[in-house]
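**Q** fold the following, please.
(one chain, ligands or ions: 1)
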Amino acid sequence: MDDAEAIRAIYNVEVEASTVTFDLIARTEAEQRAWMEDHSGAYPCLVAVATSEEGFEPGAILGYASLSPFRDRPAYATTVENSVYVDRQARGLGLGKQLLVAIVDAAKNQGFHSVIARITGHNGLSVTLHQQVGFETVGIEREVGRKHGVWLDVIELQLLLD
Ligand SMILES: CC(C)(COP(=O)(O)OP(=O)(O)OC[C@H]1O[C@@H](n2cnc3c(N)ncnc32)[C@H](O)[C@@H]1OP(=O)(O)O)[C@@H](O)C(=O)NCCC(=O)NCCS
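**A** Residues are numbered from 1 along each chain as shown. Below you'll find the model as predicted:
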């Protein structure tokens, strides 16, 4: 399996089975290819790759973190939005935190000033993870989404980089 398909598999489980993403329909192969194109250069995607010690197939992709533009209008260009996903079989091993620290470092190296995480209200684990890496809550959007019959809040957290 190549990187794009491994990332798509990890992501689509959450699209279909959880409320951590507001996407409702699984990403297609073509959409994933386009996503990969968009997540190169200034907006990278980093992956966590299994080594022989972890009990997974060596080389398997266990998780990923990415940066995306925060908003289209040009004055927002110094801010990015981050994302982090770990395969359900590989959670609780520290990969989410390593990926988040690495993507924040990448944002610093790219010269961005601010990173925003927009996290579904029910996803306390992700809020805690971001707080552990220095993000602070800057806002809550109440019931802005609906998925699986549930109203969804979005908690916005921010990390200023310099
Ligand atoms: C959120 C997510 C990325 C965390 O990844 P992970 O690899 O399981 O997290 P880690 O193992 O690095 O753990 C990070 C911290 O979360 C806490 N944690 C992890 N699993 C936990 C659990 N099951 N219960 C309570 N706390 C837990 C730990 O306290 C850990 O901190 P520590 O280093 O002080 O022990 C992962 O659960 C995931 O992919 N979720 C679905 C996608 C998602 O919600 N992404 C975020 C959208 S913004």
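
**Q** leaving out sequence neighbours, find the closest residue to Gly121.
**A** Nearest residue to Gly121 in three dimensions, chain neighbours excluded: Asp153, at 3.2 Å (Cβ to Cβ, 6 or more residues apart in numbering). All C-beta spots, glycine's among them, are computed from the backbone N, C-alpha and C.

**Q** my guess is that neighbour contacts Ile140, does it?
**A** Yes: with contact defined as Cβ atoms under 8 Å, Asp153 and Ile140 form a contacting pair (5.8 Å).

**Q** output the contacting helices and strands for the helix or strand where the residue nearest to Gly121 lies.
**A** Asp153 is part of strand 150-160, with elements assigned from DSSP states H and E. Where contact means 3 or more Cβ pairs under 8 Å, 6 or more residues apart in numbering; DSSP states H and E, strand 150-160 is packed against strand 114-120, helix 124-132, strand 136-147.

**Q** give me the common contacts of Asp153 and Ile140.
**A** Gly121 (Cβ atoms under 8 Å, 6 or more residues apart in numbering).

**Q** give me the more crowded residue out of those two.
**A** Neighbour tally, Asp153 and Ile140, criterion other Cβ atoms under 10 Å: the higher count belongs to Asp153, 15 against 11.

**Q** list the contacts of the more buried one.
**A** 120-121, 140-144.

**Q** before we move on, what about Val101?
**A** Contacts for Val101 (Cβ under 8 Å, 6+ apart) come out as Val133.

**Q** what pLDDT does it get?
**A** At Val101, the model reports a pLDDT of 98.

**Q** what about it, helix or strand, and which?
**A** Using DSSP H and E, Val101 sits within helix 95-109.

**Q** which parts of that helix are buried?
**A** 95-96, 98-100, 102-104, 106-107 (16 or more other Cβ atoms under 10 Å).

**Q** by proximity to the ligand, which residue of this protein wins?
**A** Relative to the ligand, the nearest point of the chain is Gly96 (2.2 Å; Cβ to the nearest ligand atom).
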